[in-house]
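>>> Here is my input, please return the structure:
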Amino acid sequence: MQRLYDFIRRHPTGVDTFWAVVLLGFSLLWVVSAGTVSGSPLGYVLVALLFSLVVALRRRAPEKMLLLAVALGVAQLALGLVPFMADFAMLVIIFTVAAHDGPRWASRLALIGGLTASTLSQLRWPLEGSESGAAKFFFTVIMTVPFALAWVLGDSLRTRRAYFAQLEERASRLEQEREAQAKVAVAAERARIARELHDVVAHNVSVMVVQADGAAYVMDSSPETAKQALETISSTGRQALAEMRRLLGILRTGEHQEAGEYVPQPDVQQIEDLVEQVRGAGLTVDFAIEGSPRPLPSGVELTAYRIVQEALTNTRKHGGPDVGASVRLVYFDDGLGLLVEDDGRGAPQEMYEDGGADGRGHGLIGMRERVGMVGGTLDAGPRPGGGFRISALLPLKPAH
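Predicted structure coming up:
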C-alpha cells in the first residue's frame, strides 16, 4: 500500500490522466445510452474530450484548465448541451485551483463560477415537473453546495499546506540560529582557552627564563645558588605542564585521565603561592589582604588569579632592573578589589594605548575580556611617579 501511495505521489499527471480516461469513458457511455438528447452527439463527444483534458492537466496548468472549463461551460449554455457526466470536471478544477498556491484571481474566478453554475443551468434548463419557485430555488441551492464544498476544501488544503511550509521554514531558521550560536560558543571557548594558555605560558616561561639567566650567571661563582635556580625552573616547568594538560583535557574527552595528572583551576587562595613563586624568581613583591576573606564564585576567583599573574609577568618583562611590586586584595560586601602596582619604568606608551599588545601577546586585552565576562571593571595605565598600575573590581554577581 505504501508503494502505491509513493507511486501516486511521484506520478501525479499519470494518475490524473487515468481518471480523465475514466471520466471520458463514462461520458461516452452516457452519450450512447441517452439516445435523443438536446444538441448534437458530436458536440457532447467534443465537450467530453475537452473536459477530460481539463482533468488530465489540472495540476500542470491549473489556471489555463480553469479558463478552458469556463469556456466549455459557456459553450454548453450557448449550444444547449444539457449537463452530463463530463461536467464533473468542473468540481475537480474548482478544487484544484482553490488548493493551488497560484494567483488569487484564479481562485476567485473558480468560486464565482461554482456559485453561479447551478443558477445558470437552472435558468437555461428549468426543472421539469415543478412550477413552484420555492422548489426551483431549493434545487438550485442543493446543486450549488457541491461546488462551494469543492472550493472550501481546496482553499483549506492550500492554507494548511502554507501553514506547514511556514513551520518548516521556522524550524530551518531556528536550526540555522542554533548552528550560529554553537559556532559563537565554540569561538568563545577557543578564546577562553587561548587566554588561559597565554597566562600559563607567559608567566611560567618568563620565570624559567629569569631563573635560567641567573643560574648561568652564578654557575661558576655560586654553584649552590645555580642549583636552587635549576630546581625552581624544574618545579615551574612541572606546574606549567600540569596546567597545560588541564587545558588540553578540555579539548579531548578523557585527556586528563591519559595525562595522569589533573589540577583544579587556580583560585584566590593560590595568589599567595603565586607571589611566593615570583619572589623566588627575584622580584620583590609586597602582598596584603584587606577585609574578611570568603568563598567567591569560581569565575571571579580564576579571573582574580589570572589578573595578578599577568600583571606580575608584565612587571618582570617591562619593569626593568630592581623593580618592586605590590599586590592588594580587598574584600568588599559586594565584590573583590584588586590593585597591582610596580615602581619600574613600565611598558612603552604605545603598548597600553593600543589595548595592551605586548609585542606578541595580548596581556591587557585578555585582562579586559576576563573582567568583562564576570561583569567587572578594569583600569590599567601608568602610575603617578613612575611604574604601572592595574586596578580591577570584580562583583560577586555579574551585571545584567
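
>>> Backbone dihedrals for the closest residue to residue 391 other than its chain neighbours, please?
Excluding the flanking residues, the one nearest residue 391 by Cβ to Cβ, 6 or more residues apart in numbering is residue 379, at 4.6 Å. Just so you know, the C-beta spots here come from the backbone N, C-alpha and C atoms, and that holds for glycine as well. Main-chain dihedrals, residue 379, degrees, to the nearest 10: phi -130, psi 120.

>>> from memory residue 379 sits against residue 392, does it?
Yes. With contact defined as Cβ atoms under 8 Å, residue 379 counts as touching residue 392 (7.5 Å).

>>> Of the two, which one has the most company?
Regarding residue 379 and residue 392, a neighbour count based on other Cβ atoms under 10 Å identifies residue 392 as having more, with 25 against 11.

>>> what's the least confident helix or strand in the chain, going by average pLDDT?
helix 255-259 (a mean of 44; mean pLDDT, DSSP states H and E).

>>> Show me what counts as buried in the next helix or strand after that helix.
The C-terminal neighbour of helix 255-259 among helices and strands, as given by DSSP states H and E, is helix 271-280. By 16 or more other Cβ atoms under 10 Å, the buried positions in helix 271-280 come out as 271, 274, 275, 277, 278, 280.

>>> One more: stretch 17-28?
Using 16+ other Cβ under 10 Å as the test for burial, stretch 17-28 gives 17, 19, 20, 23, 24, 27, 28.

>>> May I have the secondary structure class of residue 394?
Recorded secondary structure, residue 394: strand (DSSP: H, G, I helix; E, B strand; the rest coil).

>>> looking at the sheet around it, what are its partners?
residue 336 (DSSP bridges).

>>> In space, what's closest to residue 377 - neighbours in sequence excluded?
Distances taken as Cβ to Cβ, 6+ apart place residue 393 nearest to residue 377, at 5.1 Å, with adjacent residues excluded.

>>> In contact with that neighbour, which residues?
335, 336, 337, 338, 376, 377 (Cβ atoms under 8 Å, 6 or more residues apart in numbering).

>>> OK, contacts around the third one?
What it means is residue 337. Contacts of residue 337 by Cβ under 8 Å, 6+ apart are 328, 329, 330, 331, 391, 392, 393, 394.

>>> any idea of the angle the strand or helix carrying residue 182 forms with helix 271-280?
Assessed by DSSP H and E, residue 182 sits inside helix 133-218. Interaxial angle of helix 133-218 relative to helix 271-280 (axes from the mean of the first three to the mean of the last three Cα atoms, to 10 degrees): 40 degrees.

>>> mean confidence for the helix or strand following helix 133-218?
Next along the chain after helix 133-218, taking DSSP H and E as the criterion, comes helix 223-251. The average of the pLDDT scores along helix 223-251 is 73.

>>> Next, the buried residues of helix 223-251.
Taking 16+ other Cβ under 10 Å as the criterion, helix 223-251 shows 226, 228-229, 232-233, 235-236, 239-240, 243-247, 249 as buried.

>>> Quick check: the gap between the residue nearest in space to the middle of the chain and residue 168.
Central residue of the chain (Cα atoms, centre = their mean): residue 177, 1.1 Å from the mean position. Counting by Cβ to Cβ, to the nearest Å, the gap from residue 177 to residue 168 is 15 Å.

>>> any low-confidence regions in this protein?
Filtered on pLDDT under 70, the chain yields the residue ranges 35-39, 127-131, 189, 192-193, 196, 198-200, 202-203, 246-264, 346-362, 398-400.

>>> so which helix or strand takes in residue 330?
Taking DSSP H and E as the criterion, residue 330 maps to strand 324-331.

>>> Show me the contact partners of that strand.
With Cβ under 8 Å, 6+ apart, strand 324-331 has contacts from 268, 271, 275, 278, 283-294, 304, 308, 311-312, 315, 319, 336-344.

>>> Among those residues, which are located in helices?
271, 275, 278, 304, 308, 311, 312, 315 (DSSP state H).

>>> Quick check: the farthest pair among those?
The two members of the ones in helices among the contacts of strand 324-331 with the most space between them (Cβ to Cβ) are 304 and 315, at 16.8 Å.

>>> how close does the residue nearest to residue 153 when sequence neighbours are not counted sit to residue 68?
Residue nearest to residue 153 in three dimensions, not counting chain neighbours: residue 95, with 6.1 Å by Cβ to Cβ, 6+ apart. As judged by Cβ to Cβ, residue 95 and residue 68 stand 16 Å apart.

>>> For the two, indicate the residue with more neighbours.
It is residue 95, of residue 95 and residue 68, that has more neighbours when counted by other Cβ under 10 Å, with 22 against 18.
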